[in-house]
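S.K.: after the sequence you'll find the predicted model.
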Amino acid sequence: MLTFRPRYFLLTVVLFLVEVAIALFVRDAWVRPYGGDFLVVILIYCFLRTFVARPPLTLAVVTLVFSFAVEFAQLFRIVEVLGLKGNRLAETVIGTGFSLGDLVAYSLGVIVAYALDRRYGDRAG
């Protein structure tokens, strides 16, 4: 079932803008690779909470499975398979290299998103 939750929509927009700023302006060894991955799963979770009327735990699991699937697809060079090698947008959004550290960042991000949602979020599923 679909819904619309303005609070989560606002969080999605803010997190998207932060992610864009990180992608465009941050060139370091921690914030861009791990902070960005930590935040992107929170963004995905908030996006799902904006529109999907399902329990938070379900959406947290969906978010984690999706992000792990994208990360594991990088093992098989999905950007190249899709014919998008050299496309900066595709390479930035999908990624080009598998990293266990990314899986840790995704896991921590989903745990934080779910915990904060349980504490402060809407109670509706």
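M.R.: The structure has been received and is ready for your questions.
S.K.: can you list contacts of whichever strand or helix holds residue 107?
M.R.: Secondary structure from DSSP states H and E places residue 107 in helix 100-120. Helix 100-120 has contacts (CB atoms under 8 Å, 6 or more residues apart in numbering) with 33-35, 37-42, 45-46, 49, 56-57, 60, 63-64, 67-68, 71, 95. All C-beta atoms are positioned from the backbone trio N, CA, C, and that covers glycine.
S.K.: then stretch 28-39?
M.R.: The contact list for stretch 28-39 (CB under 8 Å, 6+ apart) reads 15, 18-19, 22-23, 26, 67, 99, 101-102, 105-106, 108-109, 112.
S.K.: show me what the least confident helix or strand in the chain by mean pLDDT is packed against.
M.R.: When the helices and strands of the chain are scored by mean pLDDT, DSSP states H and E, helix 88-94 comes last with a mean of 87. Helix 88-94 sits against helix 56-75, helix 78-81, with contacts defined as 3 or more CB pairs under 8 Å, 6 or more residues apart in numbering; DSSP states H and E.
S.K.: buried deepest among the ones you listed, which one?
M.R.: Among these, helix 56-75 has the highest mean neighbour count (mean count of other CB atoms under 10 Å), at a mean of 16.
S.K.: roughly how far does the residue lying farthest from the centre of the chain sit from residue 101?
M.R.: Most distant residue from the mean C-alpha position of the chain: residue 83, 23.1 Å away (CA atoms, centre = their mean). In this view, residue 83 and residue 101 are 28 Å apart by CB to CB, to the nearest Å.
S.K.: repeat that for residue 94.
M.R.: As judged by CB to CB, residue 94 and residue 101 stand 17 Å apart.
S.K.: which one's more surrounded, those two?
M.R.: The neighbour count for residue 94 versus residue 101, taken as other CB atoms under 10 Å, is higher for residue 94 (16 against 10).
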